[in-house]
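Novice: Prediction below, plus the sequence it came from.
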Amino acid sequence: MKRFIFIGYVVFLTGLSSFAQEAIVYGRILDTNSSEPIPDVKVSIRNSIFSTATNADGTFSFSQESLPQGEQILEISKAGYTSLQIPVTIQNSVPVNLETILLNVDLHDVEAQIGVISLSDEQLDEDEGTSFNVSGLLQASRDVFLNAASYDFSATFFRPRGYDSEDGKVLINGLEMNKLYDGRPQWSDWGGLNDVQRNQMFSMGISANEYNFGHLAGTTNIIMRASQYREGGRISYATSNRSYRGRVMGSYNSGQRPSGWAYSVLLARRFGEEGYKDGSLYDANSFFASVEKKLNDKHSLNLTAFYTPNRRGKTSASTQEVYDLKGTRYNSYWGKQDGEIRNSRIKEVEEPIIMLNHYWDISENTQLNTNVGYQFGKIGNSRMGYDNAPNPDPSYYQKMPSYFLADPNGPNYDGAYQAYSQFVNDGQMDWQDIYETNIFYGGTSRYYLYEDRNDDKQLSANTILNSQLTDNIELTASVNYRNLKSNNFANMIDLLGGNGYLDVDTFNAGDAAQSDLNNPNRVVGEDDTFKYNFELNASDINGFAQAQFSYSKVDLYIAGKVGKTSYQRDGLYRNGSYGEGNDSFGKSKKLDFTTYGLKVGATYKLSGRHAFEVNTAYFTEAPSLRNSFSNSRQNNATVIDLTEDKNINIDGSYIFRSPMIKARLTGYYTLMQDATEISFYYVDGVYTSGGTQNNGDTAFVQEVLTDVDKKNVGAELGVEAQVTPTIKLKGAAAYGQNTYDNNPHLYLTSDDFNNGFENYDKSYLKGYKVAGGPQQAYQIGFEYRDPDFWWFGATTNYFSNGYIDISPLARTNNFYTDTDGMPFNDYDPAKAKELLKQEKFDDYILVNAVGGKSWKIKDYYVGFFATINNVLDKEFKTGGYEQGRNANFRTLSDDAANDIPVVAPKYWYGYGTTYYLNLYVRF
């Protein structure tokens, strides 16, 4: 692959001189209201393949060679603006200067886009089963297939090309928003800011873009700059039965004032006692302000700040037994206290972001953009804690009927019936019993509510240079820096009727029971730090350069990057299980990673309607901070043999454009190599090399997978046909195979092990499917847009090849090894193969409908946007995972022999029929 990229680079360079030509058609595009330049406007010659886009200054140009001669139509379009068709006459060696072209706002398109952003915002604000979703990256795309993926496909957690959200880059005003901790964008940090997020620039996949090197799933830059919003305001109210029940929003933009000032403000609130899933409260506010001063013709300074504090009740994954008894809306995390819903698992995000942006037009063809941003605040995820008391989870496996029916002494029908009655008639968390238990034991809390907190402070800065060196050559370069200090700790929220909590581990004794040997046997009160406390420090600096070459028949680009990333843990507690030396207290060794990458690509315009495109890249990335320390809550241990992630990608596309039909067919091949993955869970049936553990066969473990290789291969198709001026037909298809491409290394760490570590060598994953939504998706649909400003559309979507997330530990030698280190005497390879077969989810069809209407009343625009998703109320699984408790052949086969497995896989189900209605007034 590296050799292929090098050869492509050589061919790329040797072909440049053949295509250099003078510009013959050029102009500048401005917003009618603000008179500001509009970047990324598509300009194309009708019935031809020739197209370009405006730069940051709003200018565009075409090359002379092979342009269609004579009278032609220039088509000008951008999301949110009314398209223009301008007649021009093209003749050899005769320049055509169109000077200034003004674009008006397209009300239809703006409201449709705002609707899509609203829906994606709802879905991306979830955690359970959706935290890897990339649909938010695709909102700015005008591509037929990616539009389907961002809206219709995203409800199923479909991932285009099998990529996760950390495989795409999200920028705001040029600054990267992906977290250093896990590589993913924290969508909640800008949730509810829909009205000020419509200015987005998207580059698909690894293709060229004007801000950074990018990543496999593409790059989105959200432009939140005061001068870029047109003058006017908007007030809206939305109602839904998905995540929230209501949303009210108001925004106003001044536009560019004669004095050079511009400002934009937004206030919003989203709320709901519970969403589609039971007990899932939603409480969020959003504040945004941006002010910009045009200092002179060359310099402009913009200050943007937003703060979106939000609280959301989480929803649980459950076994099929639970869903059969309670339905697919069931959520085990909540119960009623004094008649009010109380969810034990609340995610709370409060992370304000402030950024200062300087824009310098060095010359007509060269711009320098310098940005500084600061983010601070907290993220908290609450949960129940319990010591010397039964698990309060109402769906805990020992409380279900299946547990009693699987009694080793024979089915306990009486116990099963009582469990059935209790669960069906109630089945929610018993807050009253929790309080009474704590009071009964003299006020010392056996149950308590706490949160896993991380308080981050991050400084970001970059500078981005764009220069049009010649009519055919554009240079982009940037330098980026980020520095993170993250304090991670457990925080006591509520003692639940008790007067204190003794901060010791009741499963251990002596020093090992202490969470902090520097302050042993502490009695913890509310809002105190306990259990664990440490800091993570990270810095990342990288540089990027890109050259783009545009000619009449060929467009080419080449880009490279180089960077350095450093991590270090600083323990603030001396954990009793790792108290010696600096195993837990003090600084860990510093981890340093050097990253680099190269990508090249080209578009060949065969004729006015046909084009071919190819992109290829090889690049490395530092492992995430999360995946660098094997058990960061307790010690300084780093992952063994940790190295950079490697990515190899090649994709090729055929593009067809005619006055009626637009289509794209793409094939792709991606290798993701040397990745690291860490999981935490309880496990039964795990045996160490010593044959025993501190606590029998059950342990809480950290599972570390290293040297993980994955292969994603497939194709995607998008077709759009404007069959009449008002009717558009569309279709999309995705066919993918996302698999593990090797047998990675697996080891466990745990303070339940006598030596704290156990190596299981290989996990035999090669050929298994990578979980993450359906790998195949197909769509047909239509859209009708009436000249009287109303529109309606519907799609039918078919999904297949979704798979459960498998347990890597169950695919190691631990699966067949008995306590004496020999295989189980009853081990049956045929039965083992059946037990380890990966579950494939059922195929399903979803029908979605969307529509809207707008009116102009004097100087006001009034309208609505509405959707109905899953019209037929189809039940479907969006994801799931095998539980790690049954880690060997004997425990798994014994459980599988039961009519209802006791420790069965857990699943997430998608929404049934849901609606979304948005009413607005613009002025």
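Specialist: Received it, and whenever you're ready, just let me know what you need.

Novice: low-scoring pLDDT stretches of the chain, where are they?
Specialist: With pLDDT under 70 as the threshold, the chain has low-confidence stretches at 1-23, 32-36, 63-66, 80, 105-142, 579-582, 685, 687-697.

Novice: Which stretches in it count as helices?
Specialist: For the chain, helices defined by DSSP state H occupy the ranges 2-14, 107-124, 144-150, 320-326, 401-405, 413-425, 431-440, 829-835, 889-896.

Novice: Tell me which other helices or strands the third one touches.
Specialist: Read it as helix 144-150. strand 661-683, strand 699-722, strand 727-740, strand 776-786 (3 or more Cβ pairs under 8 Å, 6 or more residues apart in numbering; DSSP states H and E). Where you see a C-beta, it was placed from the backbone N, CA and C, and this is true even at glycine.

Novice: could I get the ones you listed as CSV with distance to N635?
Specialist: What follows is those, written out as CSV (distance: least, Cβ to Cβ, whole Å):
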stretch, distance to N635
strand 661-683, 13
strand 699-722, 10
strand 727-740, 29
strand 776-786, 43
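
Novice: can these go into a markdown table with extra columns for distance to Y567 and mean neighbour count?
Specialist: Conversion of those to a markdown table gives the following (distance: least, Cβ to Cβ, whole Å; neighbours: other Cβ atoms under 10 Å):
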| stretch | distance to Y567 | mean neighbour count |
| --- | --- | --- |
| strand 661-683 | 12 | 18 |
| strand 699-722 | 16 | 20 |
| strand 727-740 | 26 | 19 |
| strand 776-786 | 37 | 18 |
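
Novice: of those strands, which approaches R329 most closely?
Specialist: Across these, R329 has its closest neighbour in strand 776-786 (24.5 Å, Cβ to Cβ).

Novice: Show residues contacting that closest one.
Specialist: Strand 776-786 is contacted by residues 108, 148-149, 152-153, 156, 158, 726-736, 791-801 when judged by Cβ atoms under 8 Å, 6 or more residues apart in numbering.

Novice: tilt between that strand and strand 727-740?
Specialist: Computed by axes from the mean of the first three to the mean of the last three Cα atoms, to 10 degrees, the angle separating strand 776-786 from strand 727-740 equals 160 degrees.

Novice: Okay, now the sheet partners of strand 776-786, with direction.
Specialist: strand 727-740 (antiparallel), strand 790-800 (antiparallel) (DSSP bridges).

Novice: Nearest approach to G497 belongs to which of these?
Specialist: Of those, nearest to G497 by Cβ to Cβ is strand 790-800, at 46.9 Å.

Novice: buried ones in the closest one?
Specialist: Across strand 790-800, burial judged by 16 or more other Cβ atoms under 10 Å covers 790-791, 793-797, 799-800.

Novice: can you give me the strands for the stretch 301-450 of the chain?
Specialist: 310-313, 318-319, 334-337, 340-343, 346-350, 353-363, 366-386, 447-468 (DSSP state E, counting those that start in this stretch).

Novice: So for the protein, which residue is the most central one in space?
Specialist: Central residue of the chain (Cα atoms, centre = their mean): S165, 3.4 Å from the mean position.

Novice: That one contacts R184, correct?
Specialist: Yes - taking contacts as Cβ atoms under 8 Å, S165 lies within contact range of R184: 4.7 Å.

Novice: I'd like to know how many residues surround the closest residue to R609 other than its chain neighbours.
Specialist: When the adjacent residues along the chain are set aside, R609 lies closest to S658, with 5.4 Å between them (Cβ to Cβ, 6 or more residues apart in numbering). Neighbourhood size, S658 [other Cβ atoms under 10 Å]: 15.

Novice: what's the nearest residue to N759 if we skip its chain neighbours?
Specialist: Nearest residue to N759, sequence neighbours excluded (Cβ to Cβ, 6+ apart): Y747, at 4.6 Å.

Novice: can you pull the contacts of the one you found?
Specialist: Y747 neighbours (Cβ under 8 Å, 6+ apart): 640, 704, 757-760.

Novice: how much space between it and D707?
Specialist: Noted for Y747: a distance of 11 Å to D707, by Cβ to Cβ, to the nearest Å.

Novice: re the thing from before, select only the buried ones of the contacts of Y747 in ChimeraX?
Specialist: In ChimeraX, this line selects whichever of those come out buried by 16+ other Cβ under 10 Å:
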select :704,757,758,760
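
Novice: ok, so of the contacts of Y747, who is nearest G576?
Specialist: F757 (17.3 Å).

Novice: Would you mind confirming that that closest one is in contact with L748?
Specialist: Yes - here F757 reaches L748: they are 7.3 Å apart, a contact under Cβ under 8 Å.

Novice: bridging residues for P185?
Specialist: Applying DSSP bridges, one finds that P185 bridges with N178.

Novice: when you give positions from now on, start the count at 283
Specialist: Renumbered: residue one is now 283, and that last one reads P467.

Novice: quick one, phi psi at A1169?
Specialist: Backbone torsions for A1169, taken as degrees, to the nearest 10, come to phi -100, psi -10.

Novice: Now for I775: which residues touch it?
Specialist: 664, 731-733, 808-809 are the contacts of I775 under Cβ under 8 Å, 6+ apart.

Novice: out of the residues you listed, which are buried?
Specialist: Buried among the contacts of I775 by 16+ other Cβ under 10 Å: 664, 731-733, 808.

Novice: Widest-spaced pair of those residues?
Specialist: The span of these, defined through Cβ to Cβ, is set by S664 and E808 at 12.8 Å.

Novice: re earlier: now the residue nearest to R891: how far from N781?
Specialist: For S940 relative to N781 (Cβ to Cβ), the value is 76 Å.

Novice: Kindly report the same for I355.
Specialist: Going from I355 to N781 by Cβ to Cβ gives 79 Å.

Novice: the strands in the stretch 383-532 of the chain, which residues?
Specialist: In the stretch 383-532 of the chain, the segments counted as strands under DSSP E, counting those that start in this stretch are 451-454, 457-458, 482-485, 501-504, 514-522, 528-535.

Novice: would you turn these into JSON lines with mean neighbour count?
Specialist: Formatted as JSON lines, these follow (neighbours: other Cβ atoms under 10 Å):
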{"stretch": "strand 451-454", "mean neighbour count": "24"}
{"stretch": "strand 457-458", "mean neighbour count": "22"}
{"stretch": "strand 482-485", "mean neighbour count": "21"}
{"stretch": "strand 501-504", "mean neighbour count": "25"}
{"stretch": "strand 514-522", "mean neighbour count": "19"}
{"stretch": "strand 528-535", "mean neighbour count": "19"}
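
Novice: how close does the residue nearest to the centre of the chain sit to E998?
Specialist: 18 Å.
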